[in-house]
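> This is a predicted model, with the sequence first.
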Amino acid sequence: MQLQASNPPLDAYWMPFTANRDFKKSPRLLASASGHHYIANDGRRLYDGFSGLWTSGLGHCHPKIVEAVQHQVAHLDLCMGFQAGHNKAFELAENLTKIAPKGLEHCFFTNSGSESVDTALKIALGYHRARGEATRTRLIGRQRGYHGVNFGGISVGGIGPNRKMFGANLINGVDHLSHTHNLEHAAFSHGLPEWGAHLVDELEALVALHDASTIAAVIVEPVAGSTGILPPPVGYLERLRDVCTRNGILLIFDEVITGFGRVGEAFAAQRFGVSPDIITAAKGLTNGVIPMGAVLLGEDIYKAFMHGPEQGIELFHGYTYSGHPVAAAAGLATLEVYKAEGTFAQARELESTFAKELHQFDHYPKVIDVRNIGLMGAIELEPRKGSPGARGLEVHKQCFWEEDLVIRNNMDILQFSPFLNSRPADLRDMFAAVKRVIDKVA
Ligand SMILES: Cc1ncc(COP(=O)(O)O)c(C=O)c1O
């Protein structure tokens, strides 16, 4: 591991989803990573409580994945991906569909979660058109949904700041269901809240308003991640599935976070026993090592496109790097490690320890909610009067500088996404550190 590094000039790089001016005053720069830790530029060893950015459930620099990537980059660094291919992309698609929920037998590769979402939306629209139901153009998302940052994703997404600058240019014909966050009825739920399945009635209302024949798809995260870990209310996803099925609407689960063991199964669809028509994935597909995303879909949808002259392209969509050889090699190695190490079962086993540690903050001073499912957890702090987000950011920074701990805050919500193979003692230490910081901040 590199032990430390000096800081470079910071001005040129415009950082994503970061308070740039604030960051550049106290840059939190990381020089290397191994297993469950980072080494910061100043040489300190920090525990990673967020497993990368929900990405690296197996830990950083897993030797099997590193080896696969090193081998691949020296053998086939790139292969023309349109009208030509290479074995590993086909093998990865095959292996991925084997662990996917039954019936999702095909896979389209992208390079990120955002691209997976926009690809899935296009496939949903194209599917209906190919079947002669071209009036099905309406898309339905949910408030507080995060579906990446491309135009399709922010249109179905439900985060005000992500949308407001681009409001006039969002795609047409999108509605949003209400989110399921409710401090009055569902605060301090352990696992799935009892309250909230009735919110699916809003979908029935939209069907009544617009007519089912105009609606192409509904997209939700089975557990909303980025906006603060909102586990689905008991019965919610089942009801959503039922309304979609009865009305010929495709149900898309955005599993960019929940995929690959985060909720103790390969996909949240399996954990919750609800089968979507399409799944979007990324992050854990390669353990975050190489950017890659995937869209999983069934035979029915695939077949709808496979008509017309055989020399014709069936879907006018794709990326230069779809199925990139190095990413595919990383993906294959990652899936092998998940299997060999029994990672998804490991995550499921850790869930109760994680929940116990997290819920010690129930009704704690300055804490207004604690939520969890799988290895996803949130502590929602009471915002400071007139300064929303300040307390959360301060906790994040104090964890980094004073407790050698990396956690994420979204406004005043502290988010935890521990490694799927975390050591229980590390989880205890992490929450002890968080407690010290919460006690300290004003
Ligand atoms: C549910 C969900 N969808 C899509 C995305 C976008 O993924 P990316 O940042 O790889 O484009 C994310 C990223 O966090 C996500 O959580």
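Cool, the structure landed.

> got the residues of the stretch 251-400 of the chain near the ligand?
254, 256, 257, 282 (Cβ under 6 Å from any ligand atom). C-betas here are computed from N, CA, C, even on glycine.

> Next one: whichever residue of the stretch 51-200 of the chain sits closest to the ligand, what pLDDT does it get?
At 2.2 Å from the ligand, residue 113 is the closest residue in the stretch 51-200 of the chain, using Cβ to the nearest ligand atom. Here the pLDDT value assigned to residue 113 is 98.

> Can you verify my assumption that it contacts residue 280?
Yes. Using Cβ atoms under 8 Å, residue 113 is in contact with residue 280, at 6.7 Å.

> which one of the two has more residues nearby?
Neighbours were counted for residue 113 and for residue 280 using other Cβ atoms under 10 Å; residue 280 has more, 32 against 28.

> Surely the more buried one is within a helix?
No. Residue state for residue 280 (DSSP: H, G, I helix; E, B strand; the rest coil) corresponds to strand; a helix is not indicated.

> Quick one: classify the closest residue to it other than its chain neighbours as helix, strand or coil.
Among residues not flanking residue 280 along the chain, residue 116 sits closest, at 3.9 Å (Cβ to Cβ, 6 or more residues apart in numbering). Classification of residue 116 using three-state DSSP returns helix.

> ranges for the strands of the stretch 1-150 of the chain?
Applying DSSP state E, counting those that start in this stretch to the stretch 1-150 of the chain gives strands spanning 30-34, 37-40, 45-48, 106-110, 138-142.

> deepest of those strands, which one?
strand 138-142 (a mean of 25; mean count of other Cβ atoms under 10 Å).

> Give the partner strands of that one in its sheet and their orientations.
strand 174-177 (parallel), strand 215-220 (parallel) (DSSP bridges).

> Next, name the residue at the spatial heart of this protein.
residue 257 (2.3 Å; Cα atoms, centre = their mean).

> Need phi/psi at the closest residue to that one other than its chain neighbours.
Distances taken as Cβ to Cβ, 6+ apart place residue 225 nearest to residue 257, at 3.8 Å, with adjacent residues excluded. When read as degrees, to the nearest 10, the backbone of residue 225 gives phi -100, psi -70.

> wait, doesn't residue 225 sit right on residue 258?
Yes. Here residue 225 lies in contact with residue 258, judged by Cβ under 8 Å, at a distance of 7.1 Å.

> Now the common contact residues for these two.
Common contacts of residue 225 and residue 258, defined by Cβ atoms under 8 Å, 6 or more residues apart in numbering, comprise residue 376.

> Which one's more surrounded, these two?
residue 258 (30 against 24).

> what about residue 160, how many residues close to it?
Residue 160: 10 surrounding residues under other Cβ under 10 Å.

> go on, residue 424?
Neighbourhood size, residue 424 [other Cβ under 10 Å]: 13.

> who touches it in this structure?
Residue 424 neighbours (Cβ under 8 Å, 6+ apart): 350, 353.

> Next: residue 103.
275, 298, 299.
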